[in-house]
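In: When you get a sec, could you give me coordinates for this:
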Amino acid sequence: MLKTIAAFGFGTTLMFSSAAALAQQKWDMPTGYPTSNFHTANIQLFAKDVEKATGGKLMLTIHDGGSLFKANEIKRAVQGGQAQIGEIIISGYSNENPVFGVDSIPFLATSYGESEKLWKATKSATEAHLAKQGLKVLYAVPWPPQGIFSAKPINSAADLKGAKWRAYNPNTSRIAQLVGAQPVTVQAAELTQALATGTVNTFMTSGATGYDSKVWEQVKYYYDVSAWLPKNLVIVSKKAFDGLDKPTQDALLKAAAEAEARGLKISQEKNTWYLEQLAKNGMKIEKGSPQLQADLKKVGEQMIADWVKQAGPDGQAMLDAYRK
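Out: So this is what the prediction gives:
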């Protein structure tokens, strides 16, 4: 009888242990940005919040710096179930749908306030298109405003002709074409090497990426033209999300809302700091000449017109809602 009771006890313990193991889920979360980046720091806090709020039932393993998947591979990895959750820069997929690239149209939304307003006008459409691909948006955080980094002085768009221009989405490639530069696709994690080897010598990005990549070692000029504020989205596989129980889903969504608010605040606070660090490391920070600003404004007007043609009536409706 004692043996029977012991066997029953062992079996019961094993059963409960198996149930606990099944209840706990561990998700891989790739991102293309380094540990030092504010987006990654925000994600680390998000992961801790999720673990705490779910009592360890859901744990996120962060793979930063493109270590698990390169930045441009993350969306497909989440769609295909190779990772349950990940961070993407949504404009990197504007070749799939023009709505994904609206936040990277030059000089459409050039401040944090305008960026938030644009997101509100386009959020539902973005979420609907991603839902069709089996993806759910958890939260969005903008990068600081984008400026031009260059190895040589730029006084007008004519000075960009022939430059080896780093592109990270279709819109940045289109800018290169309009100013006569040569677009070269380079992800953030590869920028330092691309600069060191001369693959690129000019590019538009935020002070954050400039700081992360220590671009002052190769380029000396930064033109703070505030062209746009692209957004990173944290997306989750709808299948993985639906596999969670309701309390865990609610905890995940709450942590995501907190990460979005925190990320926006950090982005705003760090923007000035990043530019200060660039200057501290010997870079020349300027707003750009009146001619350069006028030339870039023309580029923006052309790209807004191009986007409306691509997006059609729905795109025009979103643009009208934003401009109200």
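
In: show me the contacts for residue 188.
Out: Going by C-beta atoms under 8 Å, 6 or more residues apart in numbering, residue 188 touches 32-33, 71, 168, 205, 209, 212-213. C-beta: built from backbone N, CA, C; applies to glycine.

In: How far away from the center of its chain is stretch 310-322?
Out: Mean C-alpha position of stretch 310-322 versus that of the full chain (C-alpha atoms, centre = their mean, to the nearest Å) differs by 23 Å.

In: Could you do stretch 129-145 as well?
Out: Chain-centre distance of stretch 129-145: 9 Å, with C-alpha atoms, centre = their mean.

In: among the contacts of residue 188, who's most crowded?
Out: residue 32 (30 neighbours; other C-beta atoms under 10 Å).

In: wait, doesn't it sit right on residue 68?
Out: No: counting by C-beta atoms under 8 Å, residue 68 is not a contact partner of residue 32; they are 9.8 Å apart.

In: I'd like to know how many residues surround residue 238.
Out: Residue neighbour count, defined by other C-beta under 10 Å, stands at 16 for residue 238.

In: Was I right to think it contacts residue 132?
Out: No: with contacts counted by C-beta under 8 Å, residue 238 stays clear of residue 132, the gap being 10.1 Å.

In: Relative to residue 278, how far out is residue 152?
Out: With distances defined as C-beta to C-beta, to the nearest Å, the gap from residue 152 to residue 278 amounts to 16 Å.

In: Name the residue in these two with the higher neighbour count.
Out: residue 278 (24 against 12).

In: what helix or strand does the more buried one sit in?
Out: Using DSSP states H and E, the element containing residue 278 is helix 246-280.

In: What average pLDDT does that helix get?
Out: Helix 246-280 comes out with an average pLDDT of 97.

In: Flag every buried residue along it.
Out: Neighbour-count burial for helix 246-280 flags 248, 251-252, 255-256, 258-260, 262-264, 266-267, 270-271, 274-275, 277-278 (criterion: 16 or more other C-beta atoms under 10 Å).

In: try stretch 168-180
Out: Neighbour-count burial for stretch 168-180 flags 168-176, 178-179 (criterion: 16+ other C-beta under 10 Å).

In: Now do the helices in the stretch 151-300 of the chain.
Out: Under the criterion DSSP state H, counting those that start in this stretch, helices of the stretch 151-300 of the chain are mapped to 170-179, 191-196, 207-212, 238-242, 246-280, 290-323.

In: Take the ones you listed and write them to JSON lines, including distance to residue 123.
Out: Converted to JSON lines, the helices of the stretch 151-300 of the chain look like this (distance: least, C-beta to C-beta, whole Å):
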{"stretch": "helix 170-179", "distance to residue 123": "19"}
{"stretch": "helix 191-196", "distance to residue 123": "29"}
{"stretch": "helix 207-212", "distance to residue 123": "23"}
{"stretch": "helix 238-242", "distance to residue 123": "17"}
{"stretch": "helix 246-280", "distance to residue 123": "11"}
{"stretch": "helix 290-323", "distance to residue 123": "10"}
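
In: quick one: which of the ones you listed is nearest residue 48?
Out: For residue 48, the closest of these is helix 246-280, at 8.9 Å, according to C-beta to C-beta.

In: helices or strands up against that closest one?
Out: The helices and strands touching helix 246-280, judged by 3 or more C-beta pairs under 8 Å, 6 or more residues apart in numbering; DSSP states H and E, are helix 38-53, strand 58-63, helix 112-131, strand 135-142, helix 207-212, strand 231-237, strand 284-286.

In: For the protein, give me the ranges with low pLDDT.
Out: Counting by pLDDT under 70, the ranges of the chain that qualify are 1-23.

In: Pick out the residue nearest the middle of it.
Out: Computing the C-alpha centroid of the chain and ranking residues by C-alpha atoms, centre = their mean puts residue 232 first, at 2.4 Å.

In: any idea how far residue 160 is from that one?
Out: Counting by C-beta to C-beta, the separation of residue 232 from residue 160 is 26 Å.

In: now swap in residue 255 and tell me
Out: Here residue 255 is placed at a distance of 42 Å from residue 160 (C-beta to C-beta).

In: likewise residue 142?
Out: When C-beta to C-beta is the yardstick, residue 142 and residue 160 sit 25 Å from each other.

In: from memory residue 311 sits against residue 317, does it?
Out: No: under the contact definition of C-beta under 8 Å, residue 311 does not touch residue 317, with a separation of 9.1 Å.

In: right, and residue 127 touches residue 137 too?
Out: Yes: the pair residue 127 / residue 137 is scored as a contact, 5.1 Å apart, by C-beta under 8 Å.

In: quick one, which of residue 311 and residue 317 is more surrounded?
Out: Each of residue 311 and residue 317 has its neighbours counted (other C-beta under 10 Å); residue 311 has more, 20 against 13.

In: Return the residues in contact with the more buried one.
Out: With contacts taken as C-beta under 8 Å, 6+ apart, residue 311 has the following neighbours: 98-99, 102, 318.

In: And for residue 319?
Out: Applying C-beta under 8 Å, 6+ apart, the residues contacting residue 319 are 121, 304, 308.

In: Now do the same for residue 109: helix, strand or coil?
Out: Following DSSP: H, G, I helix; E, B strand; the rest coil, residue 109 is assigned to coil.
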